[in-house]
Every structure is written in structure tokens, then in C-alpha cells.
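[1] just the structure for this:
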Amino acid sequence: MLTRALRILKPRLFLGSLLQRRSVCFSAPSPAFSTGAISRTTAEIDADEVTACLDPAEPVTKIPVIMPGNLQPRVVVYDGVCHLCHGGVKWIIKADKYRKIKFCCLQSKAAEPYLEVSGVTREDVQKRFLFIEGLGFYHQASTAALRVVSYLPLPYSALNAFSIVPTPLRDSVYDYVAKNRYDWFGKAEDCLVLNDKELLERFIDRDELINRS
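    You can find the predicted model right below:
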């Protein structure tokens, strides 16, 4: 009888230990929501975060706090007319088999609430792409890139090891490439994802883009 009870309890204890190891982290509220009524002590785990808890190969990542309105967590806002940027987006979509990361072209109206909640302007994101991990969690430049790859499965998530490189050094390289990206890789007239419409399902601004095409 005791042996049977232990067999029943063992998987429950194992799942419980996995969930306890997932840390919930909070940062200072973003400027746009510093005095809002949103609870800063509330967090929710969505379906793919539960999947991550059950995946032993998944790296430990921050659980995003609740986003206001219809905003979604883990959204990359990037320069949609940049060939280099679009190439990076296509690479992430191919590697992201758990479909954790979503995208939005900077040129879309759908990007505006994400810029507001992060306290940045279009000009800021034109220079450094934006990753909204959750309310109060937003990153730009090289740090954004490393946070994005941390959500990818191995071996891609191993690229996050470059976090040991000092941020000023990483960002200096990023800024140099970003400054010359149009000269080196070219610039389109409109968002390049319109040429790869099979990717639109991963874009939060897909309806706006489709109506524009």
C-alpha cells in the first residue's frame, strides 16, 4: 500500500519541483504605467510557459507579468523595411519551434501601444530594435537579441552565453552595424514580410499588413 502511494505522489512532487524552480522576476514599472492601477505583484503563466516548465531542455527565463489591454508579451518590434532585420526575423521564426516569439513592424500602427508601454519612440526603435518581454520588461539592441534567443530551444539558446560580454561593448558593435545596415544590406519601400506572407501568422499586425498589401 505504501509503495503504491509513493508511485502516485512521485510525479506530482517532480512537477511541483519544476514549477518552483521557475523564478518570477519584476523590474521597475515603465514610465507609461508608473502610476497605473495594474498590480505589480501579480503574474500569470500562459500555455507555452507551462510547456517550458515541462521541457527539461528549456532554459530558465523570466515569466512575463500581465500585459494591459490586448497587448501580448514576447513581441519583437523591428524595422520592417530593413533587409538585415527581416533576415534576422526569418531566422528566429525558423528556430522558434515552440512559437514563443511574436513580431510587429515598426511602420505599423499596431506598434504604437508597445512603444508607449515601453516608454520609447519610433526614432529609438529605428536605431535599436525593441523586445517587449512583459510589462516592465523591455530591452533594446544587443540585450534584446540575447533575451530573444534565450527563449529558443537548444542549441540556439546557447547564444545567450554572450551575455558575459559587457553591454557597452556589445552595443557598440550593434550600433555600428545598425548605422550602416541600409548601405550594406539595402532598404525596401514597405515591410518585407509582405513578400513572405507565410510568416504573417507570427505577426501581431498581420491584419493591418494584409489590408495594406
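
[2] in this structure, where is pLDDT below threshold?
    Along the chain, the model assigns pLDDT under 70 to residues 1-69, 213.

[3] and the strands in it?
    Counting by DSSP state E, the segments of the chain that form strands are 75-78, 102-105, 130-134, 137-140.

[4] so what strands line up beside the third one?
    Looking at strand 130-134 with DSSP bridges, its paired strands and their directions are strand 75-78 (antiparallel), strand 137-140 (antiparallel).

[5] closest to Pro168 out of those strands?
    strand 137-140 (13.5 Å; C-beta to C-beta). C-betas here are computed from N, CA, C, even on glycine.

[6] can I get the closest one as CSV, trimmed to CA atoms?
    This file holds the C-alpha atoms of strand 137-140, laid out as CSV (Å, rounded to 0.1, in the frame of the first residue of the first chain):
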residue,chain,number,x,y,z
PHE,A,137,10.4,44.2,-19.1
TYR,A,138,11.6,45.7,-22.3
HIS,A,139,15.0,45.5,-23.9
GLN,A,140,16.8,47.1,-26.9
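
[7] flag every buried residue along stretch 144-161.
    Judged by neighbour count using 16 or more other C-beta atoms under 10 Å, the buried positions of stretch 144-161 are 144-153, 156-157, 160.

[8] from the strands paired with strand 130-134, which stretch is densest packed?
    Comparing the strands paired with strand 130-134 on average neighbours per residue, with mean count of other C-beta atoms under 10 Å, the densest one is strand 75-78 at a mean of 26.

[9] mind checking which of the strands of the chain is nearest Val193?
    strand 102-105 (6.8 Å).
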